[in-house]
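J.: With the input below, show me the fold.
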Amino acid sequence: MDSHLKVPSSLNQTKTPKQGRQKAHDAPDFQQVFKESLNKQQVKFSQHAKERIEQRKIDLDATDVQRISEALGKAKAKGVKSSLVVMKEVTLVASTTNHTIVTAVDDKNTKEHIFTNIDGAVFIT
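T.: Next up, the predicted model:
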């Protein structure tokens with residue numbers, strides 16, 4: 001009987017350690033790439049959210065929508081799937097998965113609402 005074990009040739013090869021990656025001088029830094037990727041995602045509004053915004057006379061301008069988009073991107077990066085987005089005069093419930101506003105509540109009606117199925121909150125000041 002042979003007391004030696006045969007090692008498959010693929011496991012017997014010595015591997016050389018990978019060389020550390022060097023950052024190219026002209027490569028953009030992480031923060032820049034991260035911000036650009038957040039800005040590319042468009043915020044969508046569900047039909048329900050559109051109705052609530054119109055019904056409650058909530059005014060959101062392009063800057064607000066941009067800030068909401070950035071907030072949703074940051075929440076998604078932290079693993080949040082359903083977020084409460086709290087702004088000065090409006091509170092939104094949003095899905096970070098598909099970047100969609102589900103509903104909107106103005107500051108007058110916020111006191112009467114209980115928000116459920118939320119796993120994160122973002123405050124925009």
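J.: Tell me which stretches of this protein form helices.
T.: 9-12, 30-40, 47-55, 62-77 (DSSP state H).
J.: for the record, mean pLDDT for the last one?
T.: In other words, helix 62-77. Mean pLDDT, helix 62-77: 94.
J.: Which other helices and strands does it contact?
T.: helix 30-40, strand 82-86, strand 90-95, strand 120-123 (3 or more Cβ pairs under 8 Å, 6 or more residues apart in numbering; DSSP states H and E). Heads up, the C-betas are built off the backbone N, CA and C, glycines and all.
J.: and the angle for the third one with helix 62-77?
T.: Same thing as strand 90-95. 40 degrees (axes from the mean of the first three to the mean of the last three Cα atoms, to 10 degrees).
J.: Pull strand 90-95 out as CSV, backbone CA atoms only.
T.: Taking Å, rounded to 0.1, in the frame of the first residue of the first chain, the C-alpha atoms of strand 90-95 are listed here in CSV:
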residue,chain,number,x,y,z
VAL,A,90,-43.3,67.7,4.1
THR,A,91,-42.7,64.1,5.1
LEU,A,92,-42.4,61.4,2.4
VAL,A,93,-42.5,57.7,2.4
ALA,A,94,-40.2,56.3,-0.3
SER,A,95,-38.9,53.1,-1.7
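J.: Can you tell me the strand partners of it and which way each runs?
T.: strand 82-86 (antiparallel), strand 100-106 (antiparallel) (DSSP bridges).
J.: between those strands, which gets nearest to Leu60?
T.: Among the strands paired with strand 90-95, the nearest to Leu60 by Cβ to Cβ is strand 100-106 (8.3 Å).
J.: residues in contact with the closest one?
T.: By Cβ atoms under 8 Å, 6 or more residues apart in numbering, the residues outside strand 100-106 that reach it are 43-46, 48-49, 52-53, 56-58, 68, 82, 85, 89-95, 113.
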